[in-house]
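Enquirer: Coordinates only, no sequence provided:
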């Protein structure tokens, strides 16, 4: 059984350390690390794949998933430090579950302690998730792991949402609506750095100007989950060059 870990190409200086940490995180499971985006690196290793793409982060992740060869796909940031045995225990948990189950990859960000707060991962805990189409108890999954079969058959991410965050929640909600279960990772997967968002941050702009209003409009419908219909190749509908970053 192989795990495909997909990361954005934001911090090339971190990739070698992250690749090396995967050995102690997976503990005997096979893995590959796939990095997609506009920032290349000289780093080379067995089962490390870099794919150049200048599209929005969601499009880039979907391209990485399409190129993956693992039985499971996972998304994490590239500025994180992995905990030992984190992925191993999550794979141990999910490998005997139905194919449409997923794992919420719990983490701590900056000074936060989210991994020890189960309520943090419940959608309606968060103000921007208190929408008519989001059922009580449904869990979010900003970082996630699914069987590749489920990820592809469900359409993966809605790439009209530019950042990989709210569309991760949407996939988790659809998974739960269709009878799947989102499991907490048995232990924290990683700790990442964090900088307060500002109006000048491209990803924060994507969240404020595109993702949040579009997500809220769709999931405010009481029958949103029933209407959810994402095609896996929807990334092809997005610009090859992300206008928000390459507008000049």
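Expert: Ah, there it is. In this text the structure is predicted, and so the values were computed from the model without any measurement.
Enquirer: hey, where'd the strands end up in the protein?
Expert: For the chain, applying DSSP state E gives strands covering 2-8, 30-37, 48-52, 72-75, 80-82, 102-104, 107-109, 144-147, 182-184, 190-192.
Enquirer: which residues sit against the fourth one?
Expert: Outside strand 72-75, the residues that touch it by C-beta atoms under 8 Å, 6 or more residues apart in numbering are 1-7, 61, 65, 87, 91, 94, 105, 143-148, 151, 164, 168. Quick note: C-beta positions are derived from backbone N, CA and C, even for glycine.
Enquirer: Likewise for the first one?
Expert: Strand 2-8 is contacted from outside by 15, 18, 22, 26, 29-37, 57, 60-61, 64-65, 68-78, 87, 91, 145, 148, 164, using C-beta under 8 Å, 6+ apart.
Enquirer: Just the buried ones out of the contacts of strand 72-75, please.
Expert: 2-7, 61, 65, 87, 91, 94, 105, 143-148, 151, 164, 168 (16 or more other C-beta atoms under 10 Å).
Enquirer: quick one: least confident helix or strand in this structure?
Expert: Using mean pLDDT, DSSP states H and E, helix 202-206 stands out as the lowest-scoring helix or strand of the chain, at a mean of 91.
Enquirer: Flag every buried residue along it.
Expert: Result for helix 202-206 [16+ other C-beta under 10 Å]: buried residues 203, 205-206.
Enquirer: swap in stretch 204-215?
Expert: 205-207, 210-212, 214-215.
Enquirer: Ok, stretch 79-99 next?
Expert: 79-80, 82-83, 85-91, 93-94.
Enquirer: Kindly report the same for stretch 165-178.
Expert: Buried residues in stretch 165-178 (16+ other C-beta under 10 Å): 165-176.
Enquirer: Among those, which one lies nearest to residue 234?
Expert: residue 167 (10.2 Å; C-beta to C-beta).
Enquirer: Which pLDDT value does the model give that closest one?
Expert: Per-residue pLDDT puts residue 167 at 97.
Enquirer: Surely it touches residue 154?
Expert: No - using C-beta atoms under 8 Å, residue 167 is not in contact with residue 154; the gap is 11.5 Å.
Enquirer: Buried by neighbour count, from the contacts of strand 2-8: which ones?
Expert: Applying 16+ other C-beta under 10 Å to the contacts of strand 2-8 flags 15, 18, 22, 26, 29, 31-37, 57, 60-61, 64-65, 68, 70-78, 87, 91, 145, 148, 164 as buried.
Enquirer: May I see the buried residues of stretch 79-99 organised as JSON lines, with distance to residue 11 and pLDDT added?
Expert: What follows is those, written out as JSON lines (distance: C-beta to C-beta, whole Å; pLDDT from 0 to 100):
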{"residue": "79", "distance to residue 11": "5", "pLDDT": "90"}
{"residue": "80", "distance to residue 11": "10", "pLDDT": "94"}
{"residue": "82", "distance to residue 11": "14", "pLDDT": "98"}
{"residue": "83", "distance to residue 11": "19", "pLDDT": "97"}
{"residue": "85", "distance to residue 11": "24", "pLDDT": "98"}
{"residue": "86", "distance to residue 11": "20", "pLDDT": "98"}
{"residue": "87", "distance to residue 11": "20", "pLDDT": "98"}
{"residue": "88", "distance to residue 11": "25", "pLDDT": "98"}
{"residue": "89", "distance to residue 11": "26", "pLDDT": "98"}
{"residue": "90", "distance to residue 11": "23", "pLDDT": "98"}
{"residue": "91", "distance to residue 11": "25", "pLDDT": "98"}
{"residue": "93", "distance to residue 11": "29", "pLDDT": "98"}
{"residue": "94", "distance to residue 11": "28", "pLDDT": "97"}
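Enquirer: Much appreciated, bye for now.
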